[in-house]
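Q: whatever this is, show me its structure:
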Amino acid sequence: MVARRIKALEPTWREPWDIGEIGDERFDRISEALSDVPCPMLNAEGACVIYTRRPLICRWMGLGFEAEDGRAIDNGCPIQNQFPAYAALPRQPFQLEPFESAEAICLEDAAEALLGDAGRSGYETTIALLVSGEQ
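A: So this is what the prediction gives:
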């Protein structure tokens, strides 16, 4: 199980599994160590079991975006090199500012509901730990 491997790599990390608590360097070390592990939300056939409710990062994988002001959001897909057609896709126009405004409200609401503190709206975790249910 992915969650157990993460906990073995970072044994002092505890709920609510806030990536900010361990820092980018330590989280990057975990990510590198698990780079060969498939998403924990894939079934035995490789299909996503949460597809209709998948996180935004999963929805955006494979696409590059361009905001109205010209800012580029490059494709962040870690397996893109396995699918060269993705690399050939042009950046898609994206209304970034309205999205960021709506996202900020949603993140504050989620932080309040999950953590009791809207000020922790920058909270990030991993799918594996979020769904593991382990303490």
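Q: what about the most centrally placed residue in the chain, which SS state?
A: Nearest residue to the geometric centre of the chain (C-alpha atoms, centre = their mean): I57, 5.0 Å. Here I57 is recorded as helix under DSSP: H, G, I helix; E, B strand; the rest coil.
Q: could you check how far it is from G119?
A: Noted for I57: a distance of 23 Å to G119, by C-beta to C-beta, to the nearest Å. Yep, even glycine has a C-beta here, placed from its N, CA and C like the rest.
Q: pLDDT weak spots in the protein?
A: Counting by pLDDT under 70, the chain has low-confidence residues at 76-82, 132-135.
Q: how about the strands in it?
A: 65-67, 72-73, 92-94 (DSSP state E).
Q: dump those strands to TSV, plus distance to I30 and mean neighbour count.
A: Putting these into TSV (distance: least, C-beta to C-beta, whole Å; neighbours: other C-beta atoms under 10 Å) gives the following:
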stretch	distance to I30	mean neighbour count
strand 65-67	27	16
strand 72-73	24	12
strand 92-94	30	13
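Q: closest one to T125 among those?
A: strand 72-73 (21.5 Å; C-beta to C-beta).
Q: each with direction, which strands does the closest one pair with?
A: Strand 72-73 sits in its sheet next to strand 65-67 (antiparallel), going by DSSP bridges.
Q: please state the offset of the strand it pairs with from the chain centre?
A: Put simply, strand 65-67 sits 19 Å off its chain's centre (C-alpha atoms, centre = their mean, to the nearest Å).
Q: what comes up buried for the top helix by length along the chain?
A: Longest helix in the chain, counting residues (DSSP state H): helix 96-115. Using 16 or more other C-beta atoms under 10 Å as the burial criterion, the residues of helix 96-115 that qualify are L96, L107, A111.
Q: closest to M1 among those?
A: Nearest member of the buried residues of helix 96-115 to M1, counting by C-beta to C-beta, is A111, at 26.9 Å.
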